[in-house]
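[1] coords below, sequence missing:
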Ligand code: C5P
């Protein structure tokens, strides 16, 4: 979106508080293609949103001021023995803040807000925690400030802030994302999935992983995975899981290799690293198996362990 001013009629805020749920995502498929002149990579990815989520609450503030308060809301179950303290910037460096400022700029809105964030999604993890919080901020402030922007307009603003953000403004839990990630095709998938996810203590920076990525052709297509998901065939889904960024992440971070080996021994139906890492997920037969594997993984002290579902 260019810097046009979006329609905005100044009006009193009616809501006292607005609450939004911000789900994490995993990539069941991520194929990185060519590097573009703008420095981004052309990609094709199938993203699904998870039960694991952050929560945001928005309240009006006088003037145009912004305030951000963050709470560590990780449950004991998600905290592994080596869980580092949660590092969430509470100023303009946070994507949430940038999203609020962008909305103010582009709509001419002269209202302020206090943003309160309950953080459960691990950071630097490949679960798009920052992106989903930013998307939730665009949705939440659009409501709090009565801006009346459509989801499509919010997606365009979101794409300016990050490639993963438009997915969380698609209004759907599963989508095929192309371009640099911002071109969204929602998918109707009948399958519910049970996942166990591990976040090792080490994190990875997304640009670093993309820089280290050397795609080796020919690459698998995403269609067989979509067909397997539509048929509800878990074994076929597991065979089609793919992430071009994983070898690069493995070369940068020994914890990812360790998790791959650990998951191979535990034999869930399938396993893969999510996004640019370092989170690693096991696709399980059901939630009971996911919980059982979570117990084993916690005992092995490989990182913070989460059990979550995907409701496609
Ligand atoms: O869009 P976002 O800010 O989330 O991207 C973070 C970084 O990941 C980019 O600066 C770029 O290095 C890399 N990236 C990429 N190609 C994409 C998406 C992200 O190279 N399609």
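    Good, I have the coordinates. Remember, predicted model here, so these are calculated numbers, not experimental data.
[2] Can you get me a residue count around the residue in the stretch 201-312 of the chain that the ligand sits nearest to?
    Residue nearest to the ligand within the stretch 201-312 of the chain: residue 207 (3.4 Å; CB to the nearest ligand atom). For glycine as for every other residue, the C-beta is placed from the backbone atoms N, C-alpha and C. Using other CB atoms under 10 Å, residue 207 has 10 neighbouring residues.
[3] mind checking how far the one helix or strand it maps to is from the chain centre?
    For residue 207, the host element (DSSP states H and E) is helix 206-212. Relative to the centre of its chain, helix 206-212 is centred 17 Å away, using CA atoms, centre = their mean, to the nearest Å.
[4] Buried ones in that helix, by neighbour count?
    Residues 206, 209-210, 212 are the ones in helix 206-212 that count as buried (16 or more other CB atoms under 10 Å).
[5] Same question for stretch 26-39.
    Buried, per 16+ other CB under 10 Å, within stretch 26-39: 26-32.
[6] how about the residues you listed in CSV, adding pLDDT?
    Output for these, formatted as CSV (pLDDT from 0 to 100):
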residue, pLDDT
26, 98
27, 98
28, 98
29, 98
30, 98
31, 97
32, 96
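[7] Can you tell me which of these end up in helices?
    Judged by DSSP state H, helices contain none of the buried residues of stretch 26-39.
[8] Closest one of those residues to residue 180?
    Of all the buried residues of stretch 26-39, residue 180 sits closest to residue 32, with 10.5 Å by CB to CB.
[9] So which residues on the stretch 201-312 of the chain come close to the ligand?
    206-207, 210 (CB under 6 Å from any ligand atom).
[10] Residues of the stretch 1-150 of the chain that sit close to the ligand?
    40-41, 43.
[11] Please enumerate the strands of the stretch 1-150 of the chain.
    With DSSP state E, counting those that start in this stretch as the criterion, the stretch 1-150 of the chain has strands at 18-35, 41-61, 66-72, 112-119.
[12] Summarise which helices and strands the top helix by length along the chain is packed against.
    Identified as the longest helix of the chain according to DSSP H is helix 129-144. When contacts are defined as 3 or more CB pairs under 8 Å, 6 or more residues apart in numbering; DSSP states H and E, helix 129-144 packs onto strand 18-35, strand 41-61, helix 95-107, strand 112-119, helix 151-161.
[13] With respect to residue 266, which of these lies nearest?
    Between the helices and strands packed on helix 129-144, strand 18-35 lies closest to residue 266; by CB to CB that is 17.5 Å.
[14] quick one: the closest one to strand 41-61, angle?
    160 degrees (axes from the mean of the first three to the mean of the last three CA atoms, to 10 degrees).
[15] any weak-confidence spans in this protein?
    1-14, 76-84, 312 (pLDDT under 70).
[16] Can you tell me which residue is spatially central in it?
    By CA atoms, centre = their mean, the chain has its centre lying nearest to residue 128, at 2.6 Å.
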